[in-house]
Structure formats: structure tokens, C-alpha cells
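**Student:** return atomic coordinates for the entry below.
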Amino acid sequence: MGVQDVHTALTALGAAFSGAAALAAVMVARWQTVFGRRVALESLRSQAAVERQLRLEAQRCEAWTVFLRASDAFTDVVWRLGEIDARSREEVLRSRSEALTEACSGLRVLGPECVVRHAEAVRERCARMERYAARRAVVRSALRALERRWCPGNAEWCEDEAHGCAFVAHDVLEKWADRDEGDRPDDLGFLEYLIRESGVLADDGAPVESGVLTEDDLRRLLAVAGNPVSWDHLVAEDRWLRPRTGYDEERGAFIASVRALSADGGESEAGRTRGQAAVLRGSSDDGVPGRGRGAGRRLHAGPPGRP
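**Tutor:** All right, here's what the predicted structure looks like:
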């Protein structure tokens, strides 16, 4: 092989290496482009996942707040139902119940299950209260009206017939469940007589004052007394009945489940800061659960209403 042949071979070899290097450079550039795209896509996917989680957390916290507001509004109406006009009681109670049912349905969609389970327990307690709330308002209103007709002195020694009838009617009404079922028709007539003689009924055509019963109120009371189901719930004062409903305990368990979810890391720090912290502590001044500094006190002290 001559010098010329060697030169030609080396030139060809160099060209081959140059071509390989160029091809490798193209492949590296293409790989870098593909890799860069993959990294960008993964970054976008990760960012989108974080944003979806944050949106879910925000929606959950809003749903928890709405549910607490609806449940507290419902129980507040239950305890104040006797103060509401008798013709409006059922409609007011129904509207609060529907709002609570809707709020609970929103929780079921968003989860998580540990919180939803406690929310449904709260809703069940409210449903039990709803079953006797309207009848209880009738009975408690009558009892309060009769109490106002008692003798301002010693009721047992009072000689005023109206005062005496009010006192006896109150006693009969409180112990109505203890009467024999067969005697109740006659006892209903006796109860009506006592109420009429007590002076607690408003005169026909006269403006109805607070603490005075109307003929419609008497009719409703006699109808309820004719079927005295759960009478101990109907006559009990708020301070005695409220602990027996179990509402405060279930409400506290619901709030505890939200706290536990936060403590276990089930939510991101951003979600806790913007959502759960608002539900648990409050961040403004309007006094709504999860909406104000007063909310933190309400979440610890229990729902609004009478003690």
C-alpha cells in the first residue's frame, strides 16, 4: 500500500468518524429535546395535581363550614320554635331541614369518608329532633303561658280561681303521659276546661299578646295531647332536653374528625392554612362557624341557642 492509499484510507476514516460524531450530536440533541419535553410535561402534571388537590381542599373546607352553619341554624330554630308564629313553624323548620340535607349531600360528594360519617351522624340527630320539634313547640308554649298565669304569691294557697286553674292545668299537662289511656278522652275535656278558666286564652277579636294562647293554639294542644308520643321530650325544658338529644356530642365528633384529618397530614399546608384553620379557629368577625373569631368560640362551646 502506497502513501497515497494510506492518505485516502485515513481521509475516509476521518470522514466516517465525523459523520458518526455528527449523527451522535443529532441524537443527543433530539434526546435532550424529548427529555426536556418529558420533564416539562411531568412538571405540568405535578402542578396540575397540586392545583386539583388545593381546589378539593378549598371545596371541602367550604362544605364543612356550610354544613356547620346549616346544622347550627337548624338546632337554633328547634329551640326557638315556640317563639315563632304557630302558622309559620312548619315552613321555617322545613326550610332549615332542607338546607341541612343539601349541605350534608355536598359533603358526601367531596369526602373524605371519616368526616362524612360524622356529618351524617349529626344529620341523624337533627332528624330525630325534627320529628317532635313542632309538637314540642305547641306544648312548651302552652306550659309557659300557663306559668305566667300563676299566682304571683303562693300558688298553692291562692284563692283566685283563674290562678288555681292555671296551676292545675300546668300540672296536668306536665304529667299527661302518666294518665291511663282509657281516661284520656275525659281528661282532655277537663284539661280544656282548666285552660279556658285560667284566663290564658285571648278574647275573640282582641290582639294576641305574648304569652297568651289562641283558640287555634288550644286546638293544636288538644290534638297533640290526644296522641302523647314521646311526651317526656315534649314537656322537658331546653336545659334538660338538649343534652339528651346527643347533638352536641356528634357535632364535637365532626369537628374532631376535621382536626384529626389535618393532624394526620391528610391535607396540604396550604389547604390547612386557607380552609381548615378557618373552620377550626375563624378568620373574620361575623361570628359564623369557620368565618370569624367568634366561630372558634362557638365550635368549642357548642351551637347557638338556649343553654
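**Student:** which residues of the stretch 1-150 of the chain score low on pLDDT?
**Tutor:** By pLDDT under 70, the low-scoring segments of the stretch 1-150 of the chain are 1-32, 34-37, 39-46, 48-50, 53.
**Student:** what ranges do the helices span in it?
**Tutor:** Assigned by DSSP state H, counting those that start in this stretch, the stretch 1-150 of the chain shows helices spanning 3-80, 89-110, 113-148.
**Student:** which elements pack onto the shortest one?
**Tutor:** It stands for helix 89-110. On a contact count with 3 or more C-beta pairs under 8 Å, 6 or more residues apart in numbering; DSSP states H and E, helix 89-110 meets helix 3-80, helix 113-148. Placement of C-beta: from N, CA and C, glycine included.
**Student:** between that helix and helix 113-148, how many degrees?
**Tutor:** Helix 89-110 and helix 113-148 are oriented at 170 degrees to each other (axes from the mean of the first three to the mean of the last three C-alpha atoms, to 10 degrees).
**Student:** what comes up buried for helix 89-110?
**Tutor:** Residues 89, 93, 96-97, 99-100, 103-104, 106-107, 110 are the ones in helix 89-110 that count as buried (16 or more other C-beta atoms under 10 Å).
**Student:** burial of the closest residue to residue 100 other than its chain neighbours, as a residue count?
**Tutor:** Nearest-residue entry for residue 100: residue 70, 4.3 Å, with adjacent residues in sequence omitted and distances by C-beta to C-beta, 6 or more residues apart in numbering. For residue 70, the tally of surrounding residues (other C-beta atoms under 10 Å) stands at 24.
**Student:** residue 70: what's it in contact with?
**Tutor:** The contact partners of residue 70, by C-beta atoms under 8 Å, 6 or more residues apart in numbering, come to 96, 99-100, 102-104.
**Student:** run the last query once more with 10 Å
**Tutor:** Taking C-beta atoms under 10 Å, 6 or more residues apart in numbering, we find residue 70 in contact with 96-104, 106, 122-123, 126, 289.
**Student:** which single one of those residues is nearest to residue 230?
**Tutor:** residue 126 (15.9 Å; C-beta to C-beta).
**Student:** just checking, the closest one touches residue 78?
**Tutor:** Yes - here residue 126 lies in contact with residue 78, judged by C-beta atoms under 10 Å, at a distance of 8.0 Å.
**Student:** which residues do the two both contact?
**Tutor:** Common neighbours of residue 126 and residue 78 (C-beta under 10 Å, 6+ apart) are 96-97, 133, 245, 247.
**Student:** how about those in a markdown table, adding distance to residue 152?
**Tutor:** Listed next are those as a markdown table, based on distance: C-beta to C-beta, whole Å:
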| residue | distance to residue 152 |
| --- | --- |
| 96 | 37 |
| 97 | 40 |
| 133 | 32 |
| 245 | 34 |
| 247 | 36 |
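**Student:** any regions of the stretch 151-300 of the chain where pLDDT drops low?
**Tutor:** Those would be 155-156, 203-210, 264-300, if you go by pLDDT under 70 across the stretch 151-300 of the chain.
**Student:** rerun that using 50 as the cut-off
**Tutor:** 205-208, 266-275, 277, 281-300 (pLDDT under 50).
**Student:** which stretches of it form helices?
**Tutor:** 161-174, 184-197, 215-225, 231-235, 238-245, 247-263, 269-271, 277-280, 293-301.
**Student:** tell me how many other residues crowd the residue nearest to residue 97 when sequence neighbours are not counted.
**Tutor:** Counting by C-beta to C-beta, 6+ apart, residue 97 lies nearest to residue 130, which is 5.7 Å off, once chain neighbours are set aside. Using other C-beta under 10 Å, residue 130 has 17 other residues around it.
**Student:** residue 130 reaches residue 74, doesn't it?
**Tutor:** Yes - counting by C-beta under 10 Å, residue 130 does reach residue 74; the two are 7.9 Å apart.
**Student:** intersection of neighbour lists for those two?
**Tutor:** 93, 96-97, 100.
**Student:** quick revisit: winner for burial among the helices of the stretch 151-300 of the chain?
**Tutor:** helix 277-280 (a mean of 21; mean count of other C-beta atoms under 10 Å).
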